[in-house]
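Peer 1: Quick one: sequence and predicted model below, then my questions.
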Amino acid sequence: MKVKEEKSTGLVKKYLITIDSADFAAAVDKKLTQVAQDIKMPGFRAGHAPKAMIEQKYRPSVLGEVLDDMVRNAANEVIAQNNLRPATTPDIKIEKFEDGKDIEFTMETEVIPEIKLGDFSKISLKKYTAKVPSEEIEKAVKYMAESRRNTAKVEKDRAAQKGDIAVIDFVGSIDGVEFNGGKGNNYPLELGSNSFIPGYEDQLIGHKAGETFNVKTTFPAEYHAKELAGKEALFVTTIKELREFVPTEINDEFAKAVGAKDLADLKAQIESHIASNYSTTSRIKLKRDLLDALDKEYKFEIPQKLVDAEYQMIEKQYQAAKANNRLDEADKNRDEKDILAEYKDIALRRVKLGLLLSEVGNVNKITLSADDINKAIINEAKKYPGQEKQVFEYYARNKEAVESLRAPAYEDKIIDFILGQAKLTDTEISVAELYDFDQSNTASETKSAAKTAKSESKTAKSETKTTAVKATTKKATAKKTTKKSAA
């Protein structure tokens with residue numbers, strides 16, 4: 001094998017590689033011998049067919065297979081000999097491939113830049129904290145009490161009013177003909193809940209229990225049942241009973257009913273839960289500020305193909321949001337060119353920080369353990385209060401979902417490693433300030449990234465993705481790159 005470097009510009013490396021024709025012929029002959037041992041041909045026992053017949057029938061397919069293997073192995077050897085760290089799968093192109101002659105192919109790749117890590121102990125950051133206001137705890141308790149309200153029959157001889165539960169029978173018709181799904185008995189309808197079609201609930205207000213009356217209303221033009229959309233309907237309605245909500249008394253008995261020891265214990269649990277949410281938000285701010293500091297401190301060349309791939313992903317998310325009318329109001333009024341130009345800067349920053357974090361992980365031999373993955377699953381479960389069991393079961397039976405947690409968990413472990421060396425100063429701020437993410441040097445990026453990449457983080461405040469981390473933590477090789485060129 002002969003190797004000639006054709007290009008070395010920045011991070012781009014290109015080599016012309018020549019495979020000796022004799023080596024290729026020997027590899028083809030060896031492969032044909034292996035094939036002959038297993039092939040059965042009419043009139044011959046397995047392994048006893050004439051070599052000429054084997055070559056005539058199988059040589060074309062063997063040529064492609066051997067070419068693929070030799071080109072892949074040669075490319076990997078060049079990568080190893082030159083200590084290359086490809087940022088993406090190398091581009092391989094067959095230049096010359098004629099029977100009996102030397103084979104020539106080129107391999108071009110962008111490599112991961114050399115990053116010299118500095119002293120993380122010189123980084124100074126504020127770790128924001130906020131106390132849980134007592135009114136927030138009381139508000140949460142009140143919400144829990146309201147969600148567990150009971151109802152009681154209205155004993156007074158009065159008309160229905162907003163907030164009542166009207167227990168009704170109804171029969172709906174259009175042009176005198178009853179329609180499917182337009183009939184109900186003993187249906188408890190909260191007046192003012194807007195759970196029925198527009199205009200229906202308002203017409204029940206003012207009527208008393210025992211009354212039967214007509215309610216005329218029109219189905220919305222965009223109603224899901226096409227045969228009813230936009231049509232006027234008549235509902236013969238009977239209010240059989242009126243019920244009203246009975247306030248739940250907030251006391252120790254109520255607290256026990258929701259799983260606490262007493263009211264004090266319930267409030268302590270609520271405070272702990274809110275404090276945990278504050279801590280999560282504080283972590284997001286701290287991570288953002290760390291990434292800002294790292295972005296400012298480190299300068300190095302970045303592989304363009306990684307940036308292009310990241311940008312294409314962001315742009316695809318933006319177009320999907322636009323097509324589904326999920327853009328923020330601010331973006332709806334912005335020029336798309338300006339938005340996409342902003343996303344190019346975001347893509348560049350994400351890849352840069354991903355490469356930097358990956359290098360920190362590699363140099364410091366940071367790895368993920370089973371406990372780290374379990375912790376990541378637990379953190380995911382915490383995002384769905386009351387559904388933790390379902391979340392655990394989902395990950396237990398879905399290996400791909402577990403794998404999807406590896407990259408962000410690895411990134412978090414690297415972040416923790418850096419923060420463990422940085423100088424952190426506890427700084428107490430208000431809850432409003434804690435949740436204000438516009439006050440930063442990268443506020444525009446934070447807001448823009450959040451608009452089109454909400455799957456990146458439920459909080460939409462994390463500014464890096466793990467794409468680059470994943471790309472650089474794997475050993476990049478030329479595997480599976482030559483089948484197309486060899487065909």
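Peer 2: Noted; the coordinates are in hand.

Peer 1: Quick one: mean pLDDT over stretch 1-15.
Peer 2: Throughout stretch 1-15, pLDDT has a mean value of 95.

Peer 1: Just the buried residues of it, please?
Peer 2: Within stretch 1-15, the residues scored as buried using 16 or more other Cβ atoms under 10 Å are Leu11, Lys13, Lys14, Tyr15. For glycine as for every other residue, the C-beta is placed from the backbone atoms N, C-alpha and C.

Peer 1: Which of those fall within strands?
Peer 2: Lys13, Lys14, Tyr15 (DSSP state E).

Peer 1: Okay, and the beta partners of the last one?
Peer 2: So the one you mean is Tyr15. Glu5, Met107 (DSSP bridges).

Peer 1: buried ones in the longest helix along the chain?
Peer 2: In the chain, assigned by DSSP state H, the helix with the most residues is helix 263-297. For helix 263-297, a neighbour-count test (16+ other Cβ under 10 Å) marks 263, 266-267, 269-271, 274, 278, 281-295 as buried.

Peer 1: Stretch 147-165 now?
Peer 2: Neighbour-count burial for stretch 147-165 [16+ other Cβ under 10 Å]: Val154, Ala159, Ala160, Asp164, Ile165.

Peer 1: Secondary structure element for Gly100, which one?
Peer 2: Using DSSP states H and E, Gly100 sits in no helix or strand.

Peer 1: what's next to stretch 390-405, contact-wise?
Peer 2: Ile373, Ala376, Ile377, Glu380, Ala381, Tyr384 (Cβ atoms under 8 Å, 6 or more residues apart in numbering).

Peer 1: Let me know the distance separating the fifth one from Ala264.
Peer 2: Taking Cβ to Cβ, to the nearest Å as the measure, Ala381 falls 27 Å from Ala264.

Peer 1: Could you do Arg85 as well?
Peer 2: Distance from Arg85 to Ala264, by Cβ to Cβ: 58 Å.

Peer 1: can you check Leu294 too?
Peer 2: 44 Å.

Peer 1: show me what contacts Glu108?
Peer 2: Lys7, Val12, Lys13, Lys14, Tyr15, Pro90, Asp91, Lys93.

Peer 1: would CSV of those residues with distance to Leu405 be doable?
Peer 2: Below are the contacts of Glu108 laid out as CSV (distance: Cβ to Cβ, whole Å):
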residue, distance to Leu405
Lys7, 39
Val12, 34
Lys13, 34
Lys14, 37
Tyr15, 38
Pro90, 29
Asp91, 32
Lys93, 37
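
Peer 1: for these, which one is nearest Thr427?
Peer 2: Using Cβ to Cβ, Val12 is the member of the contacts of Glu108 that lies nearest Thr427, at 44.9 Å.

Peer 1: and the nearest residue to the closest one once chain neighbours are set aside, what helix or strand is that in?
Peer 2: Distance criterion Cβ to Cβ, 6 or more residues apart in numbering; nearest residue to Val12, sequence neighbours excluded, is Glu110 at 5.6 Å. Per DSSP H and E: Glu110 is located in strand 103-110.

Peer 1: Just give me how far that strand sits from the chain centre.
Peer 2: Here strand 103-110 is found 35 Å from its chain centre; the criterion is Cα atoms, centre = their mean, to the nearest Å.

Peer 1: in it, what counts as buried?
Peer 2: Ile103, Glu104, Phe105, Thr106, Met107, Thr109, Glu110.

Peer 1: what's the spacing between the last one and Ala376?
Peer 2: Here the distance between Glu110 and Ala376 works out to 31 Å (Cβ to Cβ).

Peer 1: swap in the third one?
Peer 2: To Ala376, Phe105 is 42 Å away according to Cβ to Cβ.

Peer 1: thinking again about what came up before, okay, the buried residues of stretch 1-15 in a markdown table with distance to Pro303 next?
Peer 2: What follows is those, written out as a markdown table (distance: Cβ to Cβ, whole Å):
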| residue | distance to Pro303 |
| --- | --- |
| Leu11 | 6 |
| Lys13 | 11 |
| Lys14 | 14 |
| Tyr15 | 17 |
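
Peer 1: Show me which of those is closest to Gly210.
Peer 2: Nearest member of the buried residues of stretch 1-15 to Gly210, counting by Cβ to Cβ, is Leu11, at 82.6 Å.

Peer 1: Pretty sure the closest one sits against Leu306.
Peer 2: No: using Cβ atoms under 8 Å, Leu11 is not in contact with Leu306; the gap is 10.0 Å.

Peer 1: what's the overlap in contacts for these two?
Peer 2: Residues touching both Leu11 and Leu306 by Cβ under 8 Å, 6+ apart: Ala87, Glu110.

Peer 1: what pLDDT does Ala449 get?
Peer 2: pLDDT, Ala449: 37.

Peer 1: wait, I meant Asp29
Peer 2: For Asp29, pLDDT reads 86.

Peer 1: re earlier: ok, the residue nearest to Val12 touching Ser8?
Peer 2: No: here Glu110 does not reach Ser8: they are 11.7 Å apart, not a contact under Cβ under 8 Å.

Peer 1: can you pull the contacts of Trp244?
Peer 2: One thing to correct before we go on: residue 244 is Glu, not Trp. Glu244 neighbours (Cβ under 8 Å, 6+ apart): Thr151, Ala152, Val154, Gly163, Asp164, Ile165.

Peer 1: residues of stretch 222-241 that come out buried?
Peer 2: For stretch 222-241, the neighbour count (16+ other Cβ under 10 Å) marks Leu228, Ala233, Leu234, Phe235, Thr237, Thr238, Ile239 as buried.

Peer 1: got these as a markdown table, with distance to Lys57 columns?
Peer 2: As requested, these are arranged in a markdown table below (distance: Cβ to Cβ, whole Å):
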| residue | distance to Lys57 |
| --- | --- |
| Leu228 | 68 |
| Ala233 | 75 |
| Leu234 | 80 |
| Phe235 | 79 |
| Thr237 | 82 |
| Thr238 | 85 |
| Ile239 | 86 |
